[in-house]
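J.: Predicted model and sequence follow; I will ask about them next.
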Amino acid sequence: MAGSSVEGQARRTADVAGDALIDVEGLRVGFPGRHGPTDVVHDVGFSLRAGECLAIVGESGSGKSVTARALVGLAGRAATVNARRLRLGGTDLTGLSDKEWRRVRGGRIGLVLQDALQSLDPLRLVGAEIAETLANHRTVPRPAIPARVIELLEQFRVPEPEVRARQHPHELSGGLRQRALIAAAMAANPDVLIADEPTTALDLSVQARILDLLAERKADGTAILLISHDLSVVTRLADRVAVMFAGRFVEHGPAAELLAEPRHPYTRELLAALPALHAKGLRLSSARGAGAAGQVPGGGCAFAARCPLAIAACRAAEPELAEVGAGHSVRCPRTAEPWPGPTTPEVSRRPSWTAAPAGTVPAGNGGVVLAASGLVKSFRSPDRTTRRVVDDVSFELTAGETHGLIGESGAGKTTVAQLVLGLLEPDAGSVRLLGQEWSPAREAARRPARRQIQLVPQDPMAAFDPRYPVGAVIGEALGTAGSRTPRRQKAEVAELLELVGLDESFAARRPRELSGGQRQRVAIARALAPRPAVLVCDEPVSALDVSVQAQILDLFADIQAWSGVAMLFISHDLGVIYHVSDQILVMRDARVVESGRVEDVFARPRHPYTRELIEGLPRSPLPPRAP
Amino acid sequence: MTGAETARWLGQRLALGLLVVLGAVTAAFVAFRFMPGNPVRVLLGAATPTQAQLNQLSAQLGYDKPAVVQFGDYLWQLLHGNLGYSYQEQQPVAELIGSQLAATVELAACALVLALGGAVLLAVATAGRWPFARAVSSFLELVAISAPSFWVGVLLLEVFSFRLRLLPAIGSSGPNALVLPAVTLALSVVGVFAQVLRAGMEQALGEPFVLSSRARGTGQTAIRLRHALPHALVPLITLTGWTLGQLLSGAVIIETVFSRQGLGRVLDTAIVGRDLPVIEGVTVVSAVAFALASIGVDWLSRTVDPRLRLVAV
Amino acid sequence: MPGNSLLSLYRARRVWLAAALGAVCLGLTAACGGSTTSAASAPVSGGVLTYVADQLPTCLDPAVSPYDVVALIDRNIVDSLVSQSDNGSIHPWLATKWTISPDGKTYTFYLRSGVKFQDGTPLTAEAVAASLAHVVAKSTGSEYASSLLGPYTGTTVVNSSTIEVHLSQPYQPLLQGLSTPYLGIQSPKALASDTEAQLCEHPVGSGPFSLVSWVQPTSVTLKRYAAYDWGPPTAVHTGPAYLSGLTFLFDTNDASRYGSLTSGQADVIADVPPLDVSTLKQTSGLGLLSQQQPGVPYMLALNTESGPLADERVREALMRSLNLTQLVNSIYFGQYQRAWSPLGPTTTDYDPSLADSWPYDPALANQLLNEAGWTGRNAAGYRTKDGKPLVVYWPEDNPRQDRVDLALGMQAEAKQVGIDIDYANLDQGAFFQTEASGKFDVFDTSWVRDDPSILNHFYNPDQTIELGGANVWDLNVPELTAWLNNATSSSSAAARQQDWDHIQSYLISNAIMIPVYVPTTLDGYQASVHGLSSASDGETEFYDAWIAK
Amino acid sequence: MSASVPLAPLSLSDRAGAGIRAVSPAVAVAMLFLLLIAVAALWPGVFTNTSPNAVNPLVALRGPSAQHPFGTDELGRDIFSRVVYGTRTSLGVGLGATVIGVVCGSAAGIIAATAGRAVDGLLMRLCDIMLAFPGLLLALVVVAALGPGSLNAAIAIGVALVPGFARLVRAQALMIRGSDYVKAAVTFGRRPVVIYLQHVLPNAIAPLLVLATIGVGSSIVAAASLSFLGLGPQPPSPDWGSMLAAGQDYLSVSWELAVFPGLAVTATVVAVNVVGGRLRRAFEGGRGVGWF
């Protein structure tokens, strides 16, 4: 899909042919903390030429956004930014006055943020946001602005631009909103475009088209600084990649070479954590557990705490960024060491009561734990029309197996989960749990069998009573306290915490104080407390960083290994679904368009939508590896 | 929302409003019956009337009929738009309230404009910048919220009217007789407006769309006016119900302090003088005003924030 | 007299204040420009005078409304048959002369010729008959005027300029009643065609000013009646009034009413607050018109028939336990004189000997209470008799601030001798309900009337609540009733004087009521206003008034 | 006087603050002042031993002096002791009204949120009707029916607060009923009544205590306004509102009577609002609406 070159748009030639448009060296950004200013970005340096794309990759909290925003002086009101060199073409960006900054922002550097629904003013028309940039930089005389806005929308492939310009952001689809946002950022023809997580909020199919759009801009000579936590997005656009961890560049080099031959342990872990094609059935995360990246006392290598190759020297002094190839540098002396191979899910950690669940499955129907047949559910939308959200969905869950449910947002996945959990009554069709009638049914009749099926929610914080500590959160699921002495209850909670890889002491802590990954582990512990036969997981990992996501997926694999629980796993991320599922259900607009064993569906996708999804999955850079 | 939907929504809300007005009128009638003493005796005023006069007036006003019949008669008249006759003021209630309503609305409107203007100025100036000015301003707003409006009125009257003689003291004639009462009433609401506006603006300034706008080169004040202010207005609009109550309640007190005519005092004298038709008249006006205000709030918030249109009624 | 030291103190404090006021308003408004007009310059015709009253009129028909403010306004609109001078004597007005039948039951009035009402109709005997008939008509619902006619039975028109008024029995105060605006003669055309509401809003008489408009409840506007040439002999000049118009504004708030005078917005205001009187006297641009009101002074009427005050000793103890002089001087800043008798000093047949006859004597009060058996004391320090505390219940109906302060002062002083005055501010409905039940011990009142016969209204047995009188507890003392009936009917002035003396001393010696202070009209006016005068009953009159340019 | 408490429902999601952080100086001063006010209300004797009702006409309307720190009123009573003793009535009416408003309001709110749609509709229409009378006018009608006095004033103001609180608690309870942790409780097989007692009720009521502090502020002002119109506590009992009403008449002679009670009301309400605002921010977590 080669984008047509932009008609009649005068490209500003770089000041000196081939010279760097952006030249940064020794960039340091600090924020005032409780104990004095703490640095979030340490001694970062890079350069960017016209028509080139540098991607900065890292997990949340690594400082990648702050680095990018420092280039437009928007690192944050209280931030202190200093650098040995921070140049945009001929201009020195350190010490610009507010007026001078305003000329640079939008005029010479454009910034595109993550979610257009929040990055476009919901109360104003889409056209007005674009017009604002034109007015700020007087790109065109005032009367010509409306026409230019329509031109820009056309240029960024927004159909019916006249109509769209006069609509509000919430009336556009995700993809169109993002195009409008990019149009607004590029309206004054800036030389450089900073794209901060431009596609994270979009569905897979839409992501691809936005990345193509950016590729066109790059081809037209715009320099692009891409910020992302998702390596698969980076592979389609970036010429060079810099991997960032705890405020430092740990690896920086040409994209193809770096992704094919990752040298720094953190880069390797990121790539290994990608639930791409090869790693099915293998553990994604190294066995070092869930230590969080953080400031390393004594100035040693920041990654030492999580690095499988770490030795005493690593903790003593921070390694320098050394050249290891043409334009490829790494901040680690031990890149040549052998990388430990992935391991199979551990079966060793089994709780005392594991035998029970398998035993409870009625042998008769081939181990089918839950059967949903012909489920239908519709909702009345505000304008009085009723919309079918779930249309004739049927599937069967067998013990020890995972059913993956994939579909874009709004396809009806969560409603299926609610129906299966008995939180919503279906308009038609039924659900049978362990051979008994489960839904539709009177809640009182259903209540005794409630503990058989449990939910792992997407947002654990919302699913915990704000007043409860972790111990109470899990305790509630253990059923009425009466049947257990407080001491035994405490012991069971401790065992459950240990089961999900959390220390016993977490029982007294408040969920608010925990990290995203730790909260999800508490949610899983709570779901396991009643010893369910079925686990329904509604997008459990979509809000987590890649490395944390890897650990949680491994935890799910371990649990299924020792408990034989049946799992319905819902996600919009095909990679994750491929990794965890045995069977797969593809949903689109309330209907199941395709289902079957994962290997069969991925090998020979029959429905065009499934085919489009699989093609949308970024090619894994790593050659498939034998299990 | 298409035309048909708006019409249906409006119809529903008007019906609801009518229900509220009827409820208010009934409540006032019931409350009236609880008031101690024989209303007819009170209506006859200071000189001690004879029993004959008492019976004659109660027959004339229909108080001798059972309560339900009296209320039925009143509702029947009300449906025909006749608010009845005030014995105490010797004039039709509609005429009495009409003349007084103008004074109260004039006072409330001026106070609202002053308060809104002041609040927007304060909020735009201090939202998210100049921390010292912001602290001083929010403290003054707090004092304005806390000080009783009649105390403020008394002090302003003493300083500006009696001591400095800049402004007239009594009556509600002429524009400059409106300045002091309107300022006093405005002070009782400007504090809350400013705080709601500033909080709304500071919340909006933290949103991604402001960062995008700054990244497109928009200046600080332009961002506050173009992006932050509209967002801050939405919570302010939901306050309309409270504001209406505050202005009307304040009007009663301001009218007493500045001895201005107005709806508040009419109701006060009507309650003391047991003038039922006037009490009911003021109730109807206040209930209708409230019903229209709540419809207005809904409509206004939908126009300012189109996302609300998707929310069912 | 302890009061004086109090006064000097305020004066000192106030001098500083006045100076500041004077300095501040130097150039601000003409009113306080302080230009002294030469005393002797001739009256100037023209100009509108603005008067701010402190009561709100509800109905302007003099035959209906009992309020003083209505009399103040209507005095300019309607004329009366006769007029009364300050010393109480009766003079001709619309009636050039009159005769009284020997049995005192028929009064014949001979009308002046050439008098025209403001709507052009001439003054005739029929007009007078219609006016008096309107006063007593049931549909009018008169709240005061009808009581002034006493035992009125009707009139007969002898000819177009002569009319006879008939009474069922001799009634000496009739002439005084006929001199008041309440019995003013209204145009027969208006009485015939207008409804009650229209008469309330637009009375038509033959007075020096005619009504232009009444904007409820803020203002009443009058304009000069050019053809007027039949003023009363008590007036200074004849012919039309000097002022071209009169504007009455209403403000019950003392502070802002006084403010409108000092700020020059008003030419004359009613009831200058006592605390501002000495300031006003020192301000060059302002003047004070002060006139003590005749009739019953501000007093406490005591329940002689039931409750603790039925015992005459307890009443007298209460009477002597109150240091009223100190209280009145403090609360009214020395502007109101202490009252000692059931009648005010400016009322005809007032008995001056009662002044200072029952001074403040707490020791006597304690002795009387012990004699009456109230020897016990409860925890709060109040006296008890066989277990029950001595509580005097005094309900009030939304009183003015000064009256509240007076009551609280008395409450504190009565407590010294062990009497518990339970002072309760009731809602008007509850107050009338209590009043009708009679279950209370004290009520305070005052009544302006330049005729002693007003005491009938309170102490004559036939003036019960049901018949519109104020004898709340149906007091019936044969001796007292005889004096009252004789005083209102006997034709000899000396006999009347003796009866009124007996009545006044009886009411004081038996502590039937406790006089407190003599109400006084205190009108403040701008120095540019001249010719202001107050009628015998204390109402300010504007016929002779004029404004210097 | 604010008719109903004008606050959007508190968001209870994960933004709840991490407990009470360091208390700023302003809040410390406000808390200290409230302590003083509480002592004045409970043991007025601590501050002054002159009786508030001792009449002495000889020293009427004197300026501040050693013996009378705030001067004397028109009857020679000591203004300082009347302000101190007035604390009990003003604070009493303020607290009483808020308790009535909070208790009845939250009861109505909870019932509306939990009972069926019919009951909900009825209660909400009742609230609308009460809101049709602006705060003070509703109080006027209630006081006219019950008669003046501090208890009736508290009831009148409390009644005017009910609709505001009812709506807030209802919105809060509805939000909680729809929350994920209530759905989770259902999946554990907990019976509805247990869910209401353990989750809906405590989470709906908890933010109410914060709102109550702001209700107290506006109720004290409302109480002063009612007394100013002569409908509050009856003479001779000391009360800030009625002192201010008298003060207006004597202002041209002595400013003390009109200034000190007004300062007392304002300072108390400012202190209550500052503390209330801090509680609210602590509860809302960090970026709470900068209310008061």
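T.: Alright, I've got the coordinates.

J.: rest of the way, CA atoms for contacts and neighbours
T.: Noted.

J.: Stretch D:53-60 vs chain C: in contact?
T.: Yes. Contact of stretch D:53-60 with chain C (C-alpha under 8 Å from any C-alpha of the partner chain) involves D:53-55, D:57-58, D:60.

J.: Out of those, flag the one nearest to chain B.
T.: Ranked by distance to chain B (C-alpha to the nearest C-alpha), the residues of stretch D:53-60 next to chain C are led by residue D:60 at 21.0 Å.

J.: Could you check the pLDDT of that closest one?
T.: Confidence at residue D:60, expressed as pLDDT, is 85.

J.: Give the burial count for it, as a bare number.
T.: Neighbours of residue D:60 under the rule other C-alpha atoms under 10 Å in any protein chain shown: 21.

J.: Isn't it up against residue D:68?
T.: No. Counting by C-alpha atoms under 8 Å, residue D:60 stays clear of residue D:68, with 11.2 Å between them.

J.: Residue C:98: which of the residues of stretch D:53-60 next to chain C is nearest?
T.: Among the residues of stretch D:53-60 next to chain C, residue D:57 lies closest to residue C:98 (C-alpha to C-alpha), at 52.9 Å.

J.: For the closest one, give me its contacts.
T.: Residues near residue D:57 by C-alpha atoms under 8 Å, 6 or more residues apart in numbering or on different chains: C:326-327, C:330-331, D:74-76.

J.: ok, and the closest non-adjacent residue to residue 69?
T.: Just so you know, I chose chain A. Leaving out its chain neighbours, the residue that sits closest to residue A:69 by C-alpha to C-alpha, 6 or more residues apart in numbering or on different chains is residue A:75, at 4.9 Å.

J.: Please refer instead to chain D.
T.: Closest to residue D:69 by C-alpha to C-alpha, 6+ apart is residue D:80, at 6.2 Å.

J.: quick one: the one you found is in a helix?
T.: Yes. Under DSSP: H, G, I helix; E, B strand; the rest coil, residue D:80 falls within a helix.

J.: roughly how far apart are residue D:96 and chain A?
T.: Relative to chain A, residue D:96 is positioned 29 Å away (C-alpha to the nearest C-alpha, to the nearest Å).

J.: what's the closest non-adjacent residue to that residue?
T.: Spatially, and ignoring its direct neighbours in sequence, residue D:96 is nearest to residue D:154 (5.6 Å; C-alpha to C-alpha, 6+ apart).

J.: what do you get for residue A:178?
T.: Distances taken as C-alpha to C-alpha, 6+ apart place residue A:116 nearest to residue A:178, at 5.3 Å, with adjacent residues excluded.

J.: what about that neighbour, how many neighbours?
T.: Using other C-alpha under 10 Å, residue A:116 has 28 neighbouring residues.

J.: Report pLDDT for residue 128.
T.: Since you didn't name a chain, this refers to chain A. 92.

J.: ah, no, chain D please
T.: Value listed for residue D:128 in the pLDDT field: 85.

J.: packing partners for the helix or strand containing it?
T.: Per DSSP states H and E, residue D:128 falls inside helix D:117-132. On a contact count with 3 or more C-alpha pairs under 8 Å, 6 or more residues apart in numbering or on different chains; DSSP states H and E, helix D:117-132 meets helix B:3-34, helix B:276-304, helix D:79-114, helix D:150-177.

J.: Any chance you could list what contacts it?
T.: Contacts of helix D:117-132 (C-alpha under 8 Å, 6+ apart): B:20-21, B:23-24, B:245, B:283, B:286-288, B:290-291, D:3-4, D:108, D:111-113, D:138, D:160, D:162-163, D:166-167.

J.: Using PDB, list the CA coordinates for it.
T.: What follows is helix D:117-132, C-alpha atoms only, in PDB (Å, rounded to 0.1, in the frame of the first residue of the first chain):
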ATOM      1  CA  ARG D 117     -38.300   2.100  40.400                       C
ATOM      2  CA  ALA D 118     -41.700   3.200  41.700                       C
ATOM      3  CA  VAL D 119     -40.400   4.100  45.200                       C
ATOM      4  CA  ASP D 120     -37.300   5.700  43.600                       C
ATOM      5  CA  GLY D 121     -39.500   7.900  41.300                       C
ATOM      6  CA  LEU D 122     -41.800   8.900  44.200                       C
ATOM      7  CA  LEU D 123     -38.900   9.900  46.500                       C
ATOM      8  CA  MET D 124     -37.100  11.800  43.700                       C
ATOM      9  CA  ARG D 125     -40.300  13.700  42.800                       C
ATOM     10  CA  LEU D 126     -40.700  14.500  46.600                       C
ATOM     11  CA  CYS D 127     -37.200  15.900  46.500                       C
ATOM     12  CA  ASP D 128     -38.000  18.000  43.400                       C
ATOM     13  CA  ILE D 129     -41.000  19.400  45.200                       C
ATOM     14  CA  MET D 130     -38.900  20.400  48.300                       C
ATOM     15  CA  LEU D 131     -36.400  21.900  45.900                       C
ATOM     16  CA  ALA D 132     -39.100  24.000  44.400                       C
END
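
J.: Show only the entries of the residues of stretch D:53-60 next to chain C found in strands.
T.: For the residues of stretch D:53-60 next to chain C, not one is inside strands, with DSSP state E as the criterion.

J.: Which two of these have the greatest separation?
T.: Among the residues of stretch D:53-60 next to chain C, D:53 and D:58 lie farthest apart (C-alpha to C-alpha), at 14.7 Å.

J.: Give me the more crowded residue out of the two.
T.: It is residue D:53, of residue D:53 and residue D:58, that has more neighbours when counted by other C-alpha under 10 Å, with 21 against 17.

J.: Now do the residue nearest to that one when sequence neighbours are not counted: how many residues are near it, please.
T.: Residue nearest to residue D:53 in three dimensions, not counting chain neighbours: residue D:77, with 6.3 Å by C-alpha to C-alpha, 6+ apart. Neighbour count of residue D:77, defined by other C-alpha under 10 Å: 24.

J.: now swap in residue A:442 and tell me
T.: Neighbour tally, residue A:442, other C-alpha under 10 Å: 11.

J.: Show me where the stretch 1-150 of chain C has its strands.
T.: Taking DSSP state E, counting those that start in this stretch, the strands of the stretch 1-150 of chain C run over residues C:48-53, C:82-84, C:90-92, C:95-100, C:106-111.
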